[in-house]
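K.L.:
Generate a structure from the sequence data that follows.
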Amino acid sequence: MTDEYRCLVTDLQRVKRRAKAVRAARRSSELEGAQSTAATRADQVLYVCGAITASQLVGRTQRRYELI
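P.N.:
Below is the predicted model:
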């Protein structure tokens, strides 16, 4: 197995892990009767793709809803 292949597998695993976390968060919100906005869902996609970190996702959400 080449180093490049290992990196791709690691990236895929990271994306899968992030997608699972986002699905769980969305489901939890839905069970509480809430639904995420289009802006929040767009940020979640950026997180899943690795364009932003979990901290950045939380920060964006907090600023959007004036929680900080």
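
K.L.:
Flag the shaky bits of the chain, pLDDT-wise.
P.N.:
1-2, 4-6, 8 (pLDDT under 70).

K.L.:
how about the helices of it, start to end?
P.N.:
Here the chain has its helices, by DSSP state H, at 3-31, 38-49, 54-64.

K.L.:
how about those helices in a markdown table, adding mean neighbour count?
P.N.:
All C-beta spots, glycine's among them, are computed from the backbone N, C-alpha and C. What follows is these, written out as a markdown table (neighbours: other CB atoms under 10 Å):
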| stretch | mean neighbour count |
| --- | --- |
| helix 3-31 | 12 |
| helix 38-49 | 15 |
| helix 54-64 | 14 |
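
K.L.:
For A51, give its distance to K16.
P.N.:
16 Å (CB to CB, to the nearest Å).

K.L.:
Likewise for I68?
P.N.:
30 Å.

K.L.:
Quick check: closest non-adjacent residue to A39.
P.N.:
R64 (6.3 Å; CB to CB, 6 or more residues apart in numbering).

K.L.:
ok, the one you found touching A42?
P.N.:
No. Taking contacts as CB atoms under 8 Å, R64 lies outside contact range of A42: 10.9 Å.

K.L.:
which residues sit in contact with R41?
P.N.:
Shown in contact with R41 (CB atoms under 8 Å, 6 or more residues apart in numbering): no residues.

K.L.:
can you pull the contacts of the closest residue in space to C49 that isn't next to it in sequence?
P.N.:
Distance criterion CB to CB, 6+ apart; nearest residue to C49, sequence neighbours excluded, is V15 at 7.1 Å. By CB under 8 Å, 6+ apart, V15 lies in contact with 48-50.
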